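# Dropping a prediction and its sequence here:
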Amino acid sequence: MQDRSTPGPAFGNPDSGSSGFGATGSDAGLSIRLVPPAGEPGAGRRRGFRERHRNRHGRGLRGEIMPSILPGSRTRGERFEDWVLDSADRLQEIRGSELDDVEYVVEEIPPGLEKLLREGGRPPQGSFARAAKGRPARVTIYRRVVETEAPTAAEAQDLVHDVVVEYTAALLNVEPETLDPYYRGYR
């Protein structure tokens, strides 16, 4: 029985002088190369999983698990952005040209959140900035804050709409109920 603690000539011991496949003599054996030698196809680059994985008997991955056109493939951040854009589109339909120059932005967290929480304050769900020279008016919604305040996805979508309506109303100096008749003051 062969001692497996040290590689023998059967496993291509580099000290034995074996050159791998096609070697002759008593040192001939199998040589395992993890990287293709210089000059061969694929040399100098790392191969991806699909390139180095053997698909035995056709049982490998056939394609994407979830096609990108289906809603299940969207991330939480992408769904949140869609909700904000849906609410902004709804307000645009209701108010018309009054909201043409308003920009809606989604950010993860508000700036200075750590300091605000240390002082015991409640984090804002959004903010707005009036138009300035060379910059349009902007309504910013903070995704993480809104997501943590809504226990389910359906309630999160309602909360997103209400937050968009509230900050847009504050930007226009009107009451949220006059901006959107279906505003219900979720908070």
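In hand now; what should we look at?

# pLDDT of stretch 171-187, averaged?
For stretch 171-187, mean pLDDT is 83.

# Residues contacting that stretch, please?
Stretch 171-187 has contacts (Cβ atoms under 8 Å, 6 or more residues apart in numbering) with 90-91, 94-95, 98, 102, 128, 130, 137, 139, 149, 155, 158-159, 161-162, 165-166, 168-169. Yep, even glycine has a C-beta here, placed from its N, CA and C like the rest.

# what do you get for stretch 151-164?
With Cβ under 8 Å, 6+ apart as the test, stretch 151-164 has contacts from 79-80, 83-84, 86-88, 90-91, 104, 125-126, 139, 141, 146-147, 149-150, 176, 183-187.

# buried stuff in that stretch?
Buried residues in stretch 151-164, counted by 16 or more other Cβ atoms under 10 Å: 156, 157, 159, 160, 161, 162, 163, 164.

# Next: stretch 110-130.
By 16+ other Cβ under 10 Å, the buried positions in stretch 110-130 come out as 110, 113, 123, 125, 126, 127, 128.

# ok, so of the buried residues of stretch 151-164, who is nearest residue 119?
The shortest gap between residue 119 and any of the buried residues of stretch 151-164 belongs to residue 163, at 22.3 Å (Cβ to Cβ).

# Find the nearest non-adjacent residue to that closest one, please.
Counting by Cβ to Cβ, 6 or more residues apart in numbering, residue 163 lies nearest to residue 125, which is 4.7 Å off, once chain neighbours are set aside.

# so what's that neighbour scoring on pLDDT?
If you check residue 125, the pLDDT there is 92.

# Please verify my assumption that it contacts residue 142.
Yes. The pair residue 125 / residue 142 is scored as a contact, 6.0 Å apart, by Cβ atoms under 8 Å.

# For this structure, which segments are assigned as helices?
Using DSSP state H, the helices found in the chain span residues 49-52, 76-95, 113-118, 143-149, 153-172, 176-179.

# For stretch 155-163, C-alpha coordinates in PDB please.
Once non-C-alpha atoms are left out, stretch 155-163 reads as follows in PDB (Å, rounded to 0.1, in the frame of the first residue of the first chain):
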ATOM      1  CA  GLU A 155     -47.800  49.000   4.000                       C
ATOM      2  CA  ALA A 156     -44.400  50.200   2.800                       C
ATOM      3  CA  GLN A 157     -45.800  51.000  -0.600                       C
ATOM      4  CA  ASP A 158     -48.600  53.100   1.000                       C
ATOM      5  CA  LEU A 159     -46.100  54.800   3.300                       C
ATOM      6  CA  VAL A 160     -43.800  55.600   0.400                       C
ATOM      7  CA  HIS A 161     -46.700  57.300  -1.400                       C
ATOM      8  CA  ASP A 162     -47.700  59.200   1.600                       C
ATOM      9  CA  VAL A 163     -44.100  60.400   2.200                       C
END
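
# By mean pLDDT, point me to the weakest helix or strand of this structure.
None of the helices or strands of the chain scores lower by mean pLDDT, DSSP states H and E than helix 49-52, at a mean of 56.
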